[in-house]
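Asker: Need a 3D model of the sequence below.
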Amino acid sequence: MTRPLLALPVAAVLAFAGGVRAEDYDLLIRNGRLVDGTGAPWRRGDVAVRGDTIVEVAARIAGSARRVVDAGGRVVAPGFIDVHTHARRGIFEVPSAENYVRQGVTTLVEGPDGSSALPLGPFLDKVEALGPGVNFASLVGHGSIREAVIGRANRAPSAEELARMQDLVRQAMREGAFGLSTGLFYVPGSFARTEEVVALARVAGELGGIHVSHMRDEAGGVLESVRETITIGEDGHLPTQVTHHKMIGRAAWGQSAESLRLVQAARAGGVDVTIDAYPYTASSTALQAALLPAWALEGGADALRRRLADPAERSRILEVVKDKIRNERGGGDPRNIAIAACGYDRTLEGQTLADVLRGRGHAPTVENAAQLSLEIVERGGASAVFHAISEEDVERILVSPFTMVASDGEIPALGQGAPHPRSYGAFARVLAVYVRKKGLLTLEDAIRKMSSLPAARLGLADRGLVRPGMKADLVVLDPDTIRDKATFEQPHQYAEGVSLVVVRGEIVLDGERMTGSRPGRVLRGPAFVRPAAAATTRAPAVRDLQHAAR
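Answerer: Predicted structure coming up:
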């Protein structure tokens, strides 16, 4: 159990004069072990907050406050910034984002993997009106833009279509996007050539944005995909990021040494390339995206059903699925693929493909698992967890100085389905396993990877550090007890060891208790133009665009 923080007696109330507040500060955190986000060694100190801003950081702060908290020697750090989330899955159902708050996360970035709300502005306005418990930002997805303009067709855009796609990037940037995300592994992004992505990335870069890529291949072609991500940054003239970097399948294991060398060489050559990663040896995505070939998904669900109904086409698809179970996401064994969510049959959730096959009286072979996978896709699909990553690669990527921590998680409904535990535990796990248990990272460097490094990547000049003038997004945690409790078998368990979370100066987690306060704000990117001014700059057809989030 996390020990409750001690609320000290507030100092004698000063007399009001001319409307001046009685206390010097709204919040005063005393006796903390300050890990300020820079990576510098921790130091003892106090932190004072007025309104939504840190106003003083010192070894000892005199004065009174509306709320005084004794950190008791616990770590006081900047609130963590998660640069890769799928938080639009759940933010309206669970606006407190409790699974993230209990890890110390105070800012979520949405729109990764080439998929975002579109148009972006109305979606961000809706989140703002909701009043989330944490801050919320978004990228704009290349795949969503491509689908809106040319559908799920496997072809290059015409000059007119490319111009329209650029207009949509420009509009999203002016509506608040922090940059362009690509999902070149996913249809329809997988149908785009590098030149198309560069053309869109240049627009984002001209408006101060970044590029973040779920690469084309994280298995056998992972190194070429890293090179492509670097090329997009170099030719697009903008910062570029390899997101949730990993090596999938035994054939790719160990290649992180070379991928990190590519990143280091690119940085030495002037390309601003960075990485984010999560601390797990399993990935999670839609079953059909992971196992079916992209050509089978061209044209959408109806086209896929027609292909699966054709014996020759089904046989071709089946061979690819077998290969991916043997050599890529399946890790060579149907036990390595577990159903996370299945809308048409909730009883499958939590079961591996091997479990399902044995339950039906079938041998858990790769061939049978491939047939079962096609059946699941035909009946409506499912998301799954795939155990096919080497711990050695996870460690090597996490300790790289260019890597920040990100969850690739969402905001789950507590107890529903069998999601990847990263949604509940990614940040706590880094501190518990890779700092405390394995000693691969110092506490100070791990917190840098969770705070100032992602803040710098996004251009958030007022977050990511415990420093006067910064927004008061703060976390107090016990480095000796913080841990992730969520497991693959029992994922719906909150992290432990975080005892205070402050968002914009308001306490949202107080000991074991969520306060119910929802002070989070939508953060808008560098090109944001307020709606009254932006109305004349929108692409003419955008007002008619309807696009469902994937």
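
Asker: Contact partners for the closest residue to residue 329 other than its chain neighbours?
Answerer: Nearest non-adjacent residue to residue 329, counting by C-beta to C-beta, 6 or more residues apart in numbering: residue 386, 4.0 Å away. (C-beta placed from N, C-alpha, C; glycine too.) Contact partners of residue 386, counting by C-beta atoms under 8 Å, 6 or more residues apart in numbering, are 248, 282, 283, 284, 285, 290, 329, 330, 331, 336, 337.

Asker: so where does residue 386 fall, helix or strand?
Answerer: strand 383-387 (DSSP states H and E).

Asker: can you give me the mean pLDDT across that strand?
Answerer: For strand 383-387, mean pLDDT is 98.

Asker: Please name every helix or strand in contact with whichever helix or strand comes after it.
Answerer: Next along the chain after strand 383-387, taking DSSP H and E as the criterion, comes helix 391-399. The helices and strands touching helix 391-399, judged by 3 or more C-beta pairs under 8 Å, 6 or more residues apart in numbering; DSSP states H and E, are helix 256-268, strand 273-277.

Asker: Make a markdown table out of the ones you listed and add mean pLDDT and distance to residue 454.
Answerer: Formatted as a markdown table, the helices and strands packed on helix 391-399 follow (pLDDT from 0 to 100; distance: least, C-beta to C-beta, whole Å):
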| stretch | mean pLDDT | distance to residue 454 |
| --- | --- | --- |
| helix 256-268 | 98 | 16 |
| strand 273-277 | 98 | 8 |
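
Asker: Tell me which of these sits most buried.
Answerer: Neighbour counts (mean count of other C-beta atoms under 10 Å) averaged over each of the helices and strands packed on helix 391-399 peak at strand 273-277, with a mean of 25.

Asker: Parallel or antiparallel, which strands does it pair with?
Answerer: strand 240-242 (parallel), strand 403-405 (parallel) (DSSP bridges).

Asker: which one of these is the most hemmed in?
Answerer: For those, the largest average neighbour count (mean count of other C-beta under 10 Å) is found in strand 240-242, namely a mean of 28.

Asker: List of residues touching it?
Answerer: Contacts of strand 240-242 (C-beta under 8 Å, 6+ apart): 83, 201, 210-213, 215, 226, 229-230, 232-234, 259, 263, 271-276, 457.

Asker: do stretch 503-515 as well
Answerer: If you take C-beta under 8 Å, 6+ apart as the criterion, stretch 503-515 is touched by 1-5, 26-27, 49-53, 67, 79, 96, 98, 101-102, 106, 133-135, 471-473, 498-502, 517-521.

Asker: Weed out the non-buried ones from those.
Answerer: Using 16 or more other C-beta atoms under 10 Å as the burial test, those include 2, 5, 26-27, 49-50, 52-53, 67, 79, 96, 98, 101-102, 106, 133-135, 471-473, 498-502, 517-521 as buried.

Asker: Torsion angles phi and psi at the residue nearest to residue 237 when sequence neighbours are not counted?
Answerer: Nearest residue to residue 237 in three dimensions, chain neighbours excluded: residue 205, at 4.9 Å (C-beta to C-beta, 6+ apart). For residue 205, the backbone dihedrals (degrees, to the nearest 10) come out as phi -60, psi -40.

Asker: gap between residue 205 and residue 483?
Answerer: 40 Å (C-beta to C-beta, to the nearest Å).

Asker: okay, the two: which has more neighbours?
Answerer: Counted by other C-beta atoms under 10 Å, residue 205 and residue 483 do not tie: residue 205 has more neighbours, with 22 against 17.

Asker: The more buried one contacts residue 236, correct?
Answerer: Yes: because the distance of 5.4 Å satisfies C-beta atoms under 8 Å, residue 205 is recorded as touching residue 236.

Asker: Which neighbours do those two have in common?
Answerer: In contact with both residue 205 and residue 236: residue 211, using C-beta under 8 Å, 6+ apart.

Asker: Which strand or helix spans residue 107?
Answerer: Going by DSSP H and E, residue 107 is in strand 105-110.
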